[in-house]
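# Based on what follows, work out the 3D shape:
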Amino acid sequence: MNLEELFSQHKEQSISGRYLTLDHIQPILEKLNTNNQVQIIGRSVLDEPIYSYKIGTGETRIYLWSQMHGNESTTTKALFDFINVLNSGSEFAEKMLNTFTFYSIPILNPDGARLYTRENANKVDLNRDSQNLTQPESNVLREAFETFKPHYCFNLHDQRTIFGAGATGKPATVSFLAPSYNEEREINENRLKAINVIAAINDVLQEYIPGQIGRFDDSFNINCIGDTFQFLGVPTILFEAGHFANDYEREITRKFLFFSLISGFKSISENDLVNNRISDYLNISQNKVVFYDFMYKNIKINYDGIEIITNFVAQYKEELIENKIHFNAYIVEVGELENYFGHYEYDAKGAVYSDDFTNFPKLNQKADFYLNKNVKFVNGLIKS
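As a prediction, the model looks like this:
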């Protein structure tokens with residue numbers, strides 16, 4: 001199977017970028033709703049509809065949800081790309097539909113999606129509400145889980161650009177987790193099923209992005225939805241869409257999420273899951289906070305009247321302005337910053353730092369500055 005070709009044929013062209021709301025996906029859902037596959041299964045805090053999409057007649061039930069955090073849209077794009085494959089009429093699609101019944105919630109948190117926030121409109125992180133169930137969106141997710149009775153859960157998220165695959169200097173472009181079901185982080189039959197699927201997906205991804213797959217921390221937190229569903233006996237897999245070089249719109253990462261979905265379901269359908277792949281799973285590099293968006297090395301600054309050579313880093317803030325995401329770079333730390341990397345790195349080789357304020361890279365200041373007064377940086381990058 002040529003995954004690159006499959007993606008290019010079935011990529012949902014009507015959605016792209018980071019800002020994805022109900023306005024963007026409702027036309028797609030209308031197009032897909034040929035036989036009542038789309039349902040409104042609840043309402044958000046601000047009374048936005050929460051949609052489900054169900055397809056397939058197979059015995060193995062798969063439950064997927066995306067944008068539990070409103071500003072994490074990459075997996076929603078990949079989900080619709082995958083749904084297009086299921087509707088393609090191909091031999092592979094027929095096999096998938098005969099093997100599985102897929103039940104998906106493309107945007108669980110429509111208010112957070114519109115506001116471009118992690119939390120819902122009540123400023124609650126839905127991924128910490130799986131026990132108390134204080135929010136309408138949390139209850140929608142739980143009720144669908146109890147009604148559908150899935151055999152596997154796919155918990156779809158984005159992660160920040162700060163994560164690397166271990167300390168290798170490579171970004172964690174896609175990360176996974178088979179969540180724990182108890183404090184001891186033991187591995188039972190259900191967790192092992194999730195581990196085996198992740199190992200199978202990792203085999204495929206390593207061919208495309210070697211060394212750029214991460215394994216998320218498995219500390220147990222019963223308030224997290226993945227831990228809860230694993231605790232309730234359903235193999236659950238956390239997907240985290242991360243950074244690929246220069247891909248802040250996450251269109252390349254989207255492709256690798258699509259590869260992951262295809263590969264995961266292919267391995268389950270073929271029962272191509274080796275009995276025990278714990279060691280392969282544990283050999284996936286652990287997610288580590290080792291990256292900044294920008295790193296500037298060997299900068300000469302005036303520090304309390306003394307000239308020193310040091311480094312500083314800047315990070316993008318994703319700011320929603322007039323329905324568009326703007327990436328604005330701010331200085332976040334000054335110092336040696338050993339064992340850290342920048343997605344963009346610049347070696348100043350002792351050039352003197354200056355700016356329009358104090359001639360010192362102050363924290364939370366926009367990354368607009370000069371080096372040797374003749375090289376100008378605007379929003380983190382050299383202005384040509």
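# Could you list the low-pLDDT ranges of the stretch 151-300 of the chain?
Low-confidence segments of the stretch 151-300 of the chain (pLDDT under 70): 272-274.
# could you pull out the helices for it?
With DSSP state H, counting those that start in this stretch as the definition, the stretch 151-300 of the chain shows helices at residue ranges 189-208, 225-231, 251-269, 278-282.
# Just say which of the ones you listed is most tucked in.
Counting by mean count of other C-beta atoms under 10 Å, helix 225-231 has the highest mean neighbour count of the helices of the stretch 151-300 of the chain, with a mean of 24. (C-beta placed from N, C-alpha, C; glycine too.)
# helices and strands around that helix, which ones?
Counting contacts by 3 or more C-beta pairs under 8 Å, 6 or more residues apart in numbering; DSSP states H and E, helix 225-231 packs against strand 152-158, helix 189-208, strand 236-241.
# among the ones you listed, which is nearest residue 267?
helix 189-208 (3.8 Å; C-beta to C-beta).
# What number of residues are in the vicinity of the residue nearest to residue 212 when sequence neighbours are not counted?
Spatial nearest neighbour of residue 212, excluding adjacent residues (C-beta to C-beta, 6 or more residues apart in numbering): residue 173 at 4.2 Å. Residues near residue 173, counting by other C-beta atoms under 10 Å, number 27.
# One more: residue 185?
12.
# before we move on, what about residue 103?
Neighbours around residue 103, by other C-beta under 10 Å: 23.
# Using CSV, write out the CA atom coordinates for the strand or helix carrying it.
Here residue 103, judged by DSSP states H and E, is contained in strand 100-105. Extracted in CSV, the C-alpha atoms of strand 100-105 (Å, rounded to 0.1, in the frame of the first residue of the first chain):
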residue,chain,number,x,y,z
PHE,A,100,-14.9,-2.2,11.9
THR,A,101,-17.7,0.1,13.0
PHE,A,102,-16.2,3.5,13.4
TYR,A,103,-17.8,6.1,15.7
SER,A,104,-16.1,9.5,15.7
ILE,A,105,-16.6,12.9,17.3
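# What strands line up against that strand, and which way round?
Partners of strand 100-105 in the sheet, by DSSP bridges, are strand 49-55 (antiparallel), strand 60-65 (parallel).
# right, and the helices of the stretch 151-300 of the chain - which one's nearest residue 57?
That would be helix 251-269 among the helices of the stretch 151-300 of the chain, by C-beta to C-beta, at 13.6 Å.
# Next, work out how far apart the residue lying closest to residue 248 once chain neighbours are set aside and residue 320 are.
Residue nearest to residue 248 in three dimensions, not counting chain neighbours: residue 327, with 5.9 Å by C-beta to C-beta, 6+ apart. To residue 320, residue 327 is 11 Å away according to C-beta to C-beta, to the nearest Å.
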